[in-house]
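Chemist: would you be able to build a 3D model of this:
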Amino acid sequence: MMEINGLHSQLSGMVQRGQLSGRKIAALIELRETVERFAQCSYVEQDEIQALKEKYGAEPEVVSWGDYFQTEVASRHFDLSDEEFLKIVDTIRFDLVSSTMIFRNKSSEFCEQVREEAIIASGTDRDQWNTEHEQAAHMGILLQYFEQLKLSKCEISDIDQRWFESFLQQSAQSTG
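Modeler: Okay, here's the model as predicted:
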């Protein structure tokens, strides 16, 4: 079985079956690195890993947030075109930067209001969503990233900041 450096071993079968193109593999490796730069905690903490090892005799395979995002995106979206797949990877990177910028130094009241609006939106039938529902749901996802990945401790690198700004410019040009 061929191992690709930076690609989670769980995805080897998908590579062997030809389900992941070279561009998708490269994007997944970049996604993992990006998420690892942002995440300030593990997907599965060390004490939890130890408990699982004692209980089942094995450690979980997906332990970092980079592993989690990489395996989720690959398994859920492998059948999309390379272009659509790359958009998803870029959106996650954009969301990580946005989440960090939006919620860092915000009050718990602000976060609670975002959470409530997201819950209301998710309780509304998708067919009846308007722009406000979409924004509330998206803000809820960003808040989840912020809390789960402990982004309050994250410093946005110059590379990610520049990428974010160019992404915004490209988005403005494509919609303008």
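Chemist: Ser107: neighbour count?
Modeler: A count of nearby residues for Ser107, using other CB atoms under 10 Å, gives 8. For every residue, glycine as well, the C-beta is placed using N, CA and C.
Chemist: could you check how far it is from Gln170?
Modeler: Here the distance between Ser107 and Gln170 works out to 32 Å (CB to CB, to the nearest Å).
Chemist: check contacts around Glu3.
Modeler: Glu3 sits next to 9, 12 when contact means CB atoms under 8 Å, 6 or more residues apart in numbering.
Chemist: let's see that with 10 Å instead.
Modeler: Glu3 makes contact with 9, 12, 15, according to CB atoms under 10 Å, 6 or more residues apart in numbering.
Chemist: ditto for Asp90
Modeler: Shown here is Asp90, whose contacts under the criterion CB under 10 Å, 6+ apart are 27, 30-31, 34, 163, 167, 170-171.
Chemist: can you check Asp82 too?
Modeler: Residues 20-24, 26-27 are the ones in contact with Asp82 under the rule CB under 10 Å, 6+ apart.
Chemist: phi, psi of it?
Modeler: Listed backbone geometry of Asp82 is phi -50, psi -40, with angles given as degrees, to the nearest 10.
Chemist: model confidence score at it, please.
Modeler: Per-residue confidence (pLDDT) for Asp82: 97.
Chemist: try Ala172
Modeler: For Ala172, the pLDDT comes out at 85.
Chemist: now Gln113: which helix or strand?
Modeler: With elements delineated by DSSP states H and E, Gln113 resides in helix 108-122, which encompasses its position.
Chemist: quick one: contacts of that helix?
Modeler: By CB under 10 Å, 6+ apart, the list of residues contacting helix 108-122 from outside reads 102-103, 106-107, 129-130, 132-144, 146-147.
Chemist: which among those end up buried?
Modeler: Neighbour counting with 16 or more other CB atoms under 10 Å marks 102-103, 133, 136-137, 139-140, 142-143, 146 as buried within those.
Chemist: out of the contacts of helix 108-122, name the ones that lie in helices.
Modeler: Counting by DSSP state H, the part of the contacts of helix 108-122 found in helices is 102-103, 132-144, 146-147.
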